[in-house]
Structure formats: C-alpha cells, structure tokens
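can you look at this prediction? I've put the sequence above it.
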Amino acid sequence: MANINLESLKGMYDRYPEEWATWKYLIETVDETAEEFGFRQIDPPTVERQQLWTEKEEDSVTDEMYAFEDKGGSEVTLVPEQTPTRARLVQKRKDLKTPVKWYCTSKRWRYEDVTRGRDREFRQGDFDIFGVESVEADAEVIAAAATIFKKLDLEERVEFLINDRSLLESILESQGIENTEETMKVIDDKEKMSEEEFLEDLMDRGLSRDEAEQVDKVTDVSGPISEKIDELREKAPEEVQDKVDRMESLSDALQSYGVAEMCEIDLSIVRGLAYYTGLVFEAFDSEGELRALFGGGRYDELVGEFGDRDVPAVGFGFGYSPVIELLKKEGRYPVKDVETDVYILTVSDSVREKGLDYARKLRKEGLKVETDLVGRGFGQQLGYADSVNAKRVLIVGERDLEKGQVTMKHMESGEEEEIDQDEVVEHLESEGII
Ligand code: HAM
C-alpha cells in the first residue's frame with residue numbers, strides 16, 4: 001500500500017457535506033443578490049497567462065501566484081483574482097453593449113501566509129460594472145454588496161470604508177509629499193501597525209518626520225462621508241475639488257440606495273492592487289480584527305491596457321472565507337445543515353419496490369428524498385434519517401399496506417400518523433413540505 005498523506009495541502013480545504021451546506025447557502029445568497037441587481041453570470045478560465053498580472057507594476061498578488069510553465073512552454077498561472085481576466089474579456093468582445101454587468105463566484109489561488117480567513121485556495125464572488133464612468137455605478141456595486149450583508153443579517157456587524165485613492169494622492173502631493181507610490185504601500189499596512197511603527201516605516205522610505213506625521217494626520221480622517229466633505233474640501237488642492245464633488249455625489253447616491261448608514265469615509269484605505277484609479281473600498285467586521293470581508297474599487301485604465309478600447313470599470317470581490325469566520329464569531333455557524341425532506345423507511349425487502357415508487361413520486365414533486373440502499377434494520381434506518389436531518393420519515397411496511405396505509409413520522413416532534421397510502425403527496429402538501 002502506498003504511503004499517501006491524507007491531509008490536503010496547507011491553506012486548501014476538504015469540505016465535507018456538513019460544512020459545505022453553509023458555503024452553498026452563502027454562494028446562493030451572493031448569486032441571488034447579483035441576479036436581483038441585473039448582473040449576468042460569466043464562467044472564465046481558472047488558468048491564464050501570467051502576463052495579465054505581471055504586465056502592470058508589481059502588486060500584492062504578483063509574488064503570490066501559483067505560476068508555472070505548462071507543457072507547451074507557456075508561462076501560465078492559476079488565477080489569483082479575476083479582475084484582469086474580466087478586463088481581457090471586455091477588451092476582446094468589441095460588440096458588448098455597455099453597461100456590462102458581470103458576476104461569478106469561483107476559486108482563486110494565492111500562495112499566502114495562511115491565517116484565519118486567509119487561505120491559499122479560496123473563493124471570491126466578483127461583481128463588476130464596465131462602461132459607466134459616473135458615480136451611479138459606484139453606488140450600485142456598493143449597494144449590491146450591502147444587500148448581501150443585509151440578507152445574511154450581518155449589517156450591524158459590518159462597516160464599509162470608502163476612499164478615493166487619487167484624491168488622497170493629490171492631498172499628499174499638495175503637502176509636498178512626493179514619494180506617493182511608496183507612501184501608499186505603507187498606508188495600506190497602517191491598520192496593522194502602531195503609530196510609531198507607521199512613522200518609522202514612512203521615514204525608512206525617505207520621508208522626514210514632519211512629512212510622516214502629516215501623512216499620519218491626513219490618513220486619520222474618517223467618519224460618515226457627509227460629515228467629512230467640508231474637511232476634505234479644505235485639505236484638497238483647487239485642481240482636485242471635482243473629486244470632492246464626486247465623493248459628495250457618491251454619499252447622496254448611497255443615501256438613495258438606503259445603504260449610507262453602513263458606509264464611512266476612511267483616508268487610510270488605499271488597497272494593495274496596482275490597477276485602482278480612484279474610488280477604493282473595503283468592508284470590515286466592526287468589532288474585530290478579521291481581515292477585509294470584501295474589497296473593490298474603480299479601475300478605469302485596466303481594460304485599455306489590454307488593447308485599443310478604453311472602458312471604465314468598478315467592482316468588488318466578496319471574500320467567502322472571512323465572512324464564514326465572521327459567522328463563526330457570531331455563533332451563527334453552521335447557518336445550514338445537510339437537508340433531506342423525506343426518508344423512506346422500508347420495513348422489509350418485500351416492500352422495497354413500493355418504497356422506490358414513493359421516492360420517484362416525491363422526487364417528481366421536487367423533494368430531496370433518500371431510501372435505504374443497504375438493507376438496514378428499522379432502528380438503523382431511523383438513525384440514519386436523523387443524521388441526514390430528514391424532516392419526515394415515510395414508513396412503508398407490509399402490515400400497514402394490507403390496511404391501505406403507510407405511516408408518516410414527524411422527526412422534530414417524534415409524532416407518527418397513519419395515512420392513506422394514496423394520499424402521501426396530499427399529506428405532505430398540507431404540511432407545507434411540498
Ligand atoms: P482583494 O482585496 O485582493 O481584491 O480580494 C477581495 C477579497 O477577497 C478580500 O477582501 C478577501 O475577503 C478575499 N480574499 C483575498 N485573498 C484571500 C485569501 N488568500 N484567502 C481568503 N480570502 C481572500 C481583489 O481580488 C479584486 N480583484 C477585487 C475586485 C473586483 N476589484 C474590482 N473588481
């Protein structure tokens with residue numbers, strides 16, 4: 001016998017049905033929200049040319065890619081995220097009518113340091129709108145994200161932090177801080193550092209102590225967007241006042257979508273990916289130290305980098321792993337168990353065919369139905385039905401059938417009822433199972 005290690009690789013998980021039930025519920029909630037907002041599902045490849053990520057300057061994912069040379073000698077990678085893929089798809093199909101609104105949940109891979117909510121194989125649900133430059137698209141993607149958290153009953157626990165990266169850059173430049181690209185990298189890590197560490201890191205990258213303190217002060221600005229507009233106006237140089245106007249319009253639009261109370265502006269949010277051009281946002285557990293629950297922003301230049309067509313874009317990637325961690329913290333996990341509507345318990349081999357007849361009929365009604373496959377005894381079948389959370393057990397026995405009856409067991413109450421053998425469907429209808 002080969003000596004095979006049965007453990008999955010680090011950061012990759014074997015999800016058995018009991019665990020997967022909650023993930024499935026989460027995926028269904030995200031997908032249902034996307035459909036409600038008119039996003040259409042796509043299914044792009046999970047292996048792509050490395051160039052899609054490496055062409056642009058290095059960012060937080062290029063070092064972490066599962067990159068390799070395939071047998072044909074092409075430099076390929078498992079996708080670490082889907083945004084460049086989507087930009088490629090939009091550039092390729094010139095006939096697409098904008099706005100293009102796409103969603104999809106699928107697996108992504110990054111060779112990361114594994115921690116709670118940070119895996120090497122993970123799922124993201126991406127929502128993007130292509131072809132709309134105006135703030136309405138920004139508000140719509142944020143509203144769609146907020147709707148997911150409302151449906152999960154987590155809206156009280158989540159805050160959306162919003163910023164405009166180009167506005168922040170202009171404010172810093174107007175204060176004489178030139179090295180903004182390096183500065184942005186340090187700001188991206190600000191929440192993980194003490195104030196002194198933050199200042200020192202900035203000084204290591206060439207800023208004076210005065211400048212570092214200025215950066216600290218500017219990036220401390222946070223609060224409800226509408227309350228911070230005046231402060232932004234004061235800080236922003238004349239030539240970028242239109243970006244403050246845009247932030248104000250976003251605040252109004254978020255109000256119209258009914259999600260403004262979940263959103264705050266936070267000038268320390270810059271995001272690690274290189275393609276964002278303006279708006280950036282992330283969501284956090286308002287009471288904890290979990291990593292971002294999702295992240296996104298505007299990337300108006302990425303599509304244009306892949307060809308001759310310029311298409312503005314905005315979107316986000318919903319992170320399933322940190323949201324599952326949040327549900328665990330809330331004591332709400334598992335949200336869903338494995339489900340079975342009816343287990344058909346056949347008392348003896350002689351009634352097996354009759355049992356299968358019932359199974360066929362009930363499956364036609366759309367129910368999840370299981371039958372005995374291994375000739376187990378009464379008690380064992382009942383135990384199994386309980387383990388798969390059957391709502392009802394239909395007991396089919398010879399003696400009952402002679403009287404024209406079968407027995408329906410209600411698993412939660414334990415009550416049993418004899419019913420006419422021809423009225424099983426009607427009975428389940430009257431009980432709301434069908
Ligand atoms: P991102 O911030 O790299 O953005 O990822 C988005 C979310 O995916 C994160 O906030 C986190 O919840 C989840 N995530 C990222 N890495 C991991 C990991 N190693 N394990 C578990 N969850 C993870 C993007 O990927 C952009 N493409 C999002 C986007 C779409 N921007 C515009 N459209």
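Received the coordinates, thanks.

ok, the residue in the chain positioned nearest to the ligand to Glu415 distance?
With C-beta to the nearest ligand atom, the shortest gap between the chain and the ligand falls at Gly319, namely 1.8 Å. Placement of C-beta: from N, CA and C, glycine included. Gly319 sits 44 Å away from Glu415, going by C-beta to C-beta, to the nearest Å.

then Phe127?
Distance from Phe127 to Glu415, by C-beta to C-beta: 46 Å.

now for Glu211: which residues touch it?
175-177, 202 (C-beta atoms under 8 Å, 6 or more residues apart in numbering).

you'd agree the residue of the chain closest to the ligand is up against Phe294?
Yes. With contact defined as C-beta atoms under 8 Å, Gly319 and Phe294 form a contacting pair (5.4 Å).

before we move on, back to that, by neighbour count, which of the contacts of Glu211 wins?
Comparing the contacts of Glu211 by number of neighbours (other C-beta atoms under 10 Å), Leu202 comes first, having 25 neighbours.

element containing the closest residue to Leu89 other than its chain neighbours, please.
Of all residues not flanking Leu89 in the chain, Pro44 sits nearest, at 6.2 Å (C-beta to C-beta, 6 or more residues apart in numbering). Using DSSP states H and E, Pro44 maps to neither a helix nor a strand.

before we move on, what about Asp386?
Per DSSP H and E: helix 378-387 holds Asp386.

name the surrounding residues that touch that helix.
Applying C-beta under 8 Å, 6+ apart, the contact partners of helix 378-387 are 340, 343, 345-347, 370, 372, 376, 393, 409, 411.

and if you look at stretch 345-356?
For stretch 345-356, the external contacting residues (C-beta under 8 Å, 6+ apart) are 344, 371-372, 375, 378, 381-382, 385, 393-398, 401.

swap in stretch 412-420?
So stretch 412-420 is in contact with 391, 395, 400, 404-410, 427, going by C-beta under 8 Å, 6+ apart.

report the buried members of those.
For those, a neighbour count by 16 or more other C-beta atoms under 10 Å gives the buried set as 391, 395, 400, 405-409, 427.

among these, name the ones in strands.
Among the buried ones among the contacts of stretch 412-420, DSSP state E puts 391, 395, 405-409 in strands.

spatially central residue for the protein, please.
Centroid-nearest residue in the chain: Phe318, 2.9 Å away (criterion: C-alpha atoms, centre = their mean).

separation between the nearest residue to it once chain neighbours are set aside and Glu140?
Leaving aside its chain neighbours, Phe318 sits nearest to Gly125 (4.0 Å; criterion: C-beta to C-beta, 6+ apart). Using C-beta to C-beta, Gly125 is found at 16 Å from Glu140.

check the offset of stretch 145-156 from the chain's centre.
12 Å (C-alpha atoms, centre = their mean, to the nearest Å).

compute the first-to-last residue distance for that stretch.
14 Å (C-alpha to C-alpha, to the nearest Å).

buried ones in it?
Quick answer for stretch 145-156 (16+ other C-beta under 10 Å): 145-150, 152, 154-155.

list just the nearest of those residues to Glu18.
Leu152 (19.4 Å; C-beta to C-beta).

how close does the closest one sit to Phe127?
16 Å.

repeat that for Glu197.
Glu197 is 35 Å from Phe127, by C-beta to C-beta.

among the two, which residue is more densely surrounded?
Between Glu197 and Phe127, counted using other C-beta under 10 Å, Phe127 has the larger neighbour count: 26 against 13.
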